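Asks: here is the input, now give the coordinates:
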Amino acid sequence: MSEKISVVPLRKIIASNSGFINVLLHEAVPVVCLNKATGKNRSMHFKALYDNNNRFWLENGSWEYFLTGEVFANLSTSWEAARLSARGPDEGAAAPESSGGAGPETEGEPALPGFGKEYEAILAMPPVERVKSMNAATKGLDELAAHKPREAEVVTSALVVASRDAALINRATLLGAMQLADEEAKKHTQSLVSSTQELVRSTSQLVTASIFNDELMNTLVAKSNGTVIQHMTRVFLNGLAFLAYYNALVSTSSIINKLRLSFEKKYRDFYRVLLPHVNAEALTLERVFCKGMRAIPEDDFVSWATGFLIHDIGKAAAVEYHEGESEYKRDVVVEHVKVGYTSVMTKTNYPRDAALITGYHHEYYGDPGGYGYFRAYLGRYKKINPNARQDFCITYELEPMLDYHALAYFPAKVLEIIDVYDSVTDPNRKYRKAMTPEEALAMMREEFIEKHHKIDIILFDIFSSFVREQLEARS
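Replies: Numbering: from 1, shown residues only. Below you'll find the model as predicted:
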């Protein structure tokens with residue numbers, strides 16, 4: 001980099017005023033990227049770097065980032081103009097400067113369009129106020145659960161608001177905690193973890209299979225203008241509803257015996273592709289589900305549902321997963337899984353299974369179209385144990401998967417299905433028209449089961465029954 005050019009470190013600029021991020025995102029601002037090893041530099045737009053990693057300037061890697069003195073001066077002018085004219089969120093208004101009262105959570109955290117106007121208010125809250133807000137929401141849900149009969153509209157509205165705010169509070173707090181050392185971060189987020197688990201437990205008392213309907217969708221649109229947070233909230237609530245449906249089905253019906261009877265004809269060929277080393281005669285329902293198919297205990301139910309709530313906590317912006325190839329940015333999509341997994345696993349005391357759900361919910365049975373931390377773990381394991389083979393497809397417990405005995409983790413396989421279904425039926429889809437439930441189920445069977453072995457066929461069949469029962473109930 002020429003010494004004649006005046007430069008300012010980007011890290012210091014954003015630390016001095018987090019509101020600059022919005023101006024950087026909404027204007028074509030070039031960033032000087034200096035390779036610390038070679039001394040060579042290149043110029044890239046801030047937005048391109050941010051879309052790949054929304055904390056890139058804080059990374060202690062091979063690169064350092066700067067703005068030229070001239071660009072910084074223009075940026076300051078743009079920031080002051082934005083502040084004085086008080087532009088609204090739709091015009092890219094800059095966030096207010098941190099007053100120091102909210103702790104590290106507000107540093108470098110803009111009000112992103114995918115998270116709605118509610119996120120700005122949550123960012124301005126001190127951490128203790130965020131926890132108080134969640135505790136108040138939990139109390140309200142408990143009071144609703146204690147009274148019968150309950151109006152469906154009132155319950156749905158309360159669930160949507162409580163879940164939406166819990167997801168936003170977790171995002172704001174966890175991304176702030178990434179700036180702290182691990183043990184300090186865990187202490188900083190401990191109250192958040194406890195409050196979130198209590199809210200999830202209270203939510204599970206009110207959620208039934210019937211919440212998976214149009215009323216939920218309409219309420220979400222009315223209660224939030226953020227497309228990402230709408231998706232996160234729908235996936236959480238609908239995931240809870242499906243787990244409740246699954247438990248009722250397994251506990252009170254003959255579904256397991258029916259699956260055994262139809263297994264050879266309907267399912268065996270699918271699983272032979274996944275477990276080719278297992279003899280066909282030995283490939284049974286019990287080899288698919290490690291230790292047999294069964295209901296979910298309450299503690300696991302709450303932990304898994306917590307994982308559903310925070311599964312997209314690392315999203316930097318409104319990432320589009322299942323759109324056209326020209327809009328699909330794989331590196332941006334993969335990055336949200338890394339950020340979410342790292343923040344939950346290293347900076348909080350959330351149950352380990354909840355953390356792993358954030359990192360494993362796009363594994364897709366090892367298909368090249370998937371991604372996630374588990375496949376990297378398996379790659380390392382195979383190098384050390386080249387003759388090792390998984391003997392099961394799905395485990396309800398972590399150990400068989402981490403010990404290389406099973407291909408996938410039950411709640412992550414459930415979340416894959418819910419996540420894809422919600423993405424393709426989302427009315428806010430930018431590049432394609434939202435699919436009807438019937439169209440979505442048909443597409444998923446063709447693309448994710450028949451053409452590629454991505455999602456689980458048995459869990460998908462149960463999910464399909466779940467969706468169709470809700471459609472019949474509304475007709």
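Asks: quick one: low-confidence ranges for the stretch 151-300 of the chain?
Replies: For the stretch 151-300 of the chain, the stretches flagged by pLDDT under 70 are 209-218, 220-226.
Asks: helices of that one, residue ranges please.
Replies: Assigned by DSSP state H, counting those that start in this stretch, the stretch 151-300 of the chain shows helices spanning 152-177, 182-206, 214-223, 227-252, 255-266, 268-274, 285-288, 298-309.
Asks: make TSV out of the ones you listed and add distance to T425 and mean neighbour count.
Replies: In short, each C-beta sits where N, CA and C put it, glycine included. Rendered in TSV, the data for the helices of the stretch 151-300 of the chain read as follows (distance: least, CB to CB, whole Å; neighbours: other CB atoms under 10 Å):
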stretch	distance to T425	mean neighbour count
helix 152-177	17	23
helix 182-206	22	19
helix 214-223	9	16
helix 227-252	9	22
helix 255-266	25	14
helix 268-274	24	16
helix 285-288	27	19
helix 298-309	17	22
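Asks: with distance to A146 as extra columns, can I get these in TSV?
Replies: Output for those, formatted as TSV (distance: least, CB to CB, whole Å):
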stretch	distance to A146
helix 152-177	12
helix 182-206	9
helix 214-223	22
helix 227-252	19
helix 255-266	32
helix 268-274	45
helix 285-288	40
helix 298-309	18
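Asks: nearest to R130, of the ones you listed?
Replies: Shortest separation from R130 across those is recorded for helix 152-177, at 4.6 Å, computed as CB to CB.
Asks: can you list the domains in the chain?
Replies: For the chain, the structural domains run 7-97, 124-206, 209-474, going by automatic domain parsing.
Asks: nearest to Y365, of the helices of the stretch 151-300 of the chain?
Replies: Ranking these by proximity to Y365 (CB to CB) places helix 268-274 first, at 6.0 Å.
Asks: for stretch 51-71, C-alpha coordinates in PDB please.
Replies: Below are the C-alpha coordinates for stretch 51-71, written out as PDB (Å, rounded to 0.1, in the frame of the first residue of the first chain):
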ATOM      1  CA  ASP A  51     -22.500 -10.400   2.900                       C
ATOM      2  CA  ASN A  52     -19.800 -13.100   3.300                       C
ATOM      3  CA  ASN A  53     -19.100 -12.300   6.900                       C
ATOM      4  CA  ASN A  54     -20.900  -9.700   8.900                       C
ATOM      5  CA  ARG A  55     -18.000  -9.300  11.300                       C
ATOM      6  CA  PHE A  56     -15.100  -9.500   8.800                       C
ATOM      7  CA  TRP A  57     -13.300  -6.400  10.100                       C
ATOM      8  CA  LEU A  58     -13.000  -8.100  13.500                       C
ATOM      9  CA  GLU A  59     -11.300 -11.300  12.300                       C
ATOM     10  CA  ASN A  60      -7.700 -11.900  13.200                       C
ATOM     11  CA  GLY A  61      -6.800 -13.500   9.900                       C
ATOM     12  CA  SER A  62      -4.600 -12.800   7.000                       C
ATOM     13  CA  TRP A  63      -6.200  -9.500   6.000                       C
ATOM     14  CA  GLU A  64      -6.500  -6.000   7.500                       C
ATOM     15  CA  TYR A  65      -9.200  -3.500   6.200                       C
ATOM     16  CA  PHE A  66      -9.000   0.200   5.700                       C
ATOM     17  CA  LEU A  67     -10.800   3.200   4.200                       C
ATOM     18  CA  THR A  68      -8.900   5.900   2.500                       C
ATOM     19  CA  GLY A  69      -8.900   9.300   4.200                       C
ATOM     20  CA  GLU A  70     -11.000  10.700   1.400                       C
ATOM     21  CA  VAL A  71     -13.600   7.900   1.500                       C
END
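Asks: mind listing what's buried in that stretch?
Replies: Residues 51, 53-54, 56-58, 63-68, 71 are the ones in stretch 51-71 that count as buried (16 or more other CB atoms under 10 Å).
Asks: kindly report the same for stretch 397-412.
Replies: Residues of stretch 397-412 classed as buried by neighbour count (16+ other CB under 10 Å): P400, M401, L402, Y404, H405, A406, L407, A408, Y409, F410, P411, A412.
Asks: next, count neighbours for G340.
Replies: G340 is flanked by 24 other residues according to other CB atoms under 10 Å.
Asks: what's the distance between it and Y350?
Replies: As defined by CB to CB, to the nearest Å, G340 lies at a distance of 11 Å from Y350.
Asks: overlap of the contact sets of the two?
Replies: Both G340 and Y350 are in contact with I310, where contact means CB atoms under 8 Å, 6 or more residues apart in numbering.
Asks: dihedrals phi and psi, I296?
Replies: Backbone geometry at I296, expressed as degrees, to the nearest 10, gives phi -100, psi 120.
Asks: what sits against the residue lying closest to it once chain neighbours are set aside?
Replies: Computed as CB to CB, 6 or more residues apart in numbering, the closest residue to I296 that is not its neighbour in sequence is N247, at 5.6 Å. N247 is in contact with A295, I296, F301, counting by CB under 8 Å, 6+ apart.
Asks: was I right about the second one contacting S303?
Replies: No - counting by CB atoms under 8 Å, I296 stays clear of S303, with 9.8 Å between them.
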